[in-house]
Structures are given as C-alpha cells and as structure tokens.
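>>> Pasting the sequence and the predicted coordinates here, then a few questions.
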Amino acid sequence: MKIGFCGTVSVGKTTLVNSLKELPEFHNYNFATERSKYLRDLGIPLNTDSTLKGQTIFLAERCSELIHPNIITDRTVIDVMAFTMCAESIDPNNKDAFEEYASTFIGEYDWIFYVTPTGVPIEDNKVRTTDSNYRNQIDNMIRFLCSSHLNKIQNFGIIAGSNEERLNQIKSYLGL
C-alpha cells in the first residue's frame, strides 16, 4: 500500500511517519521523511521563496516514492501542489499547468491522510518558516486541493489530536 500524509508546515507529519516505523503492523513498509534541510543545503529555495524548478524537484521526489509498492511518506504530491500554488515567484499560468500535471499522480496513493494543524504549535526546526499566516495559507490551499481533486483520491482520511490519537485513527482507517 502507498500511504501519504499531507498537511501544512509543522503539524506532525514526520513524527507520525517515524512513529509508524516502530509499529509491527508496518514492518514491511519503506518510509520517507522530511528532506527539507538537505534540499535547502543544495540551494533549493523553500517555503515562500519556492521556484518552479524547486517545486519540480519536490514533485520528482514524491514520484520517486510512489515507485515503491509499500511506502509511507510524510509528504504527497498535494503538498507540492499547495506550495507551488502559494509561491509568490511562480507565474500563475505555470502554477495552473503544474497543478494539472502533478494531480495526475494523486490516484497512485492508496490512502491520503490530511493532518490538521488544530492545536499543534509551530516548531522552529531552523528550516521551515514559522510564519503562522503562511502556515494557514498552505493549510487552506491543501484543503482546497484535496476537495478539488477528491475524485482522484482512492481513500481519504482526516487525522487530528495527539500523536497517539492520530496513530489510532490511522490504524482504524486501515482496518488494523
């Protein structure tokens, strides 16, 4: 199964994936987690400074994850689409074309879980932005894209609460 988590910055997606690694139910899975620091150190602009080239690299990363038959990842193509749509430096025509192209990969996920930011404070990991307005903008865009492309999503779940509550919700959605 291919399982992806989508959500704005600092909502606990990586924490969830790292917690799932520890559970015996997921021992046959590959796991992909945050690579922002590595990409930033390569000179790829992140957050509000995103460029079309940078977002294309992020999309390629998500697509490379989808090659694995059993993958759990803390980002989806929906996240990449949201950051692209919110990037100030990307031309609106390019944003629309990017969204159309990237959305073709949504159906490859068996499950997409949206992780809400409700009740989750922004952590400063020295890589991502701590701007709450930007965080909300990305969250709004992710929710919009999920609803706009719902027909392409095989299975969709909304995850909220503490990490333990989220893990239980995931297992429930998956019938575990």
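Yes, it's here.
>>> Give me the three-state assignment for the residue most central in space within the chain.
For the chain, the residue nearest the mean C-alpha position is residue 75 (2.7 Å; CA atoms, centre = their mean). Here residue 75 is coil, with the state taken from DSSP: H, G, I helix; E, B strand; the rest coil.
>>> Can you give me the buried ones in stretch 52-63?
Going by neighbour count (16 or more other CB atoms under 10 Å), the buried part of stretch 52-63 is 52, 54, 55, 58, 59, 61, 62. In this view, the C-beta of every residue, glycine as well, is placed from N, C-alpha and C.
>>> swap that for stretch 25-32, please
26, 29, 31, 32.
>>> Look at it and report the distance between its end residues.
17 Å (CA to CA, to the nearest Å).
>>> Run the chain-centre distance for it.
Put simply, stretch 25-32 sits 17 Å off its chain's centre (CA atoms, centre = their mean, to the nearest Å).
>>> worst-scoring helix or strand of the protein, pLDDT-wise?
Lowest by mean pLDDT, DSSP states H and E among the helices and strands of the chain is helix 36-41, with a mean of 61.
>>> Give me the mean pLDDT for the lengthiest helix in the chain.
Secondary structure of the chain per DSSP state H: the longest helix is helix 132-148. In this model, helix 132-148 carries a mean pLDDT of 95.
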